[in-house]
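J.: sequence? don't have it. structure:
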């Protein structure tokens, strides 16, 4: 808000006002500054940010750079996923799209088990990885999960770093296999 985090403003206001009033003020100021996010496919939770954090441990975050890209059409916000296939996604509204990769933000409630037909990594009860933090980021067959730590941006950052390291490790291993295959193939040709 005005180039500043709402956290500092909230903490200052909480010195004098109850949490519900501070939340209402934050929502009003946010609506004035950002506008109606629902018209871009970003529905806001009914609770204010402080009440949501207090009750659920979740912090709503909107990155203004990302939001600008959504408004300009450079990033698409799409409905919930019904079914995933290789390079193909079917959404709950019946629309389909061909994709190379999915960068997934499940929002305020995890619905992953409803569309990801995989029972080893995610719990059906709450939609979170079965392995507790800090080990819930890696599944089988290249499946990764970011942001399910219930530890805010720090936990998300830790997941992202672990995933990047794992992808690099897999890439290096496949590169070595390819290099040894080329070396063996060249040796056979040269003999």
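T.: Received the coordinates, thanks. Worth saying up front: this structure is predicted, and the values here are computed from it rather than measured.

J.: tell me the contacts of residue 113?
T.: 119, 122-124, 127 (C-beta atoms under 8 Å, 6 or more residues apart in numbering). (Each C-beta comes from the backbone N, C-alpha and C, glycine too.)

J.: just the buried residues of those.
T.: Buried by 16 or more other C-beta atoms under 10 Å: 122, 127, out of the contacts of residue 113.

J.: of the contacts of residue 113, closest to residue 136?
T.: For the contacts of residue 113, the minimum distance to residue 136 (C-beta to C-beta) is 9.1 Å, reached by residue 122.

J.: pretty sure that closest one contacts residue 136?
T.: No - look at residue 122 against residue 136 with C-beta atoms under 8 Å: they stay out of range, at 9.1 Å.

J.: overlap of the contact sets of these two?
T.: Joint contacts of residue 122 and residue 136 (C-beta under 8 Å, 6+ apart) are 128-130, 145.

J.: redo the contacts of residue 113 as a markdown table? Include pLDDT and secondary structure.
T.: Below are the contacts of residue 113 laid out as a markdown table (pLDDT from 0 to 100; DSSP: H, G, I helix; E, B strand; the rest coil):
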| residue | pLDDT | secondary structure |
| --- | --- | --- |
| 119 | 71 | coil |
| 122 | 78 | strand |
| 123 | 76 | coil |
| 124 | 75 | coil |
| 127 | 75 | coil |
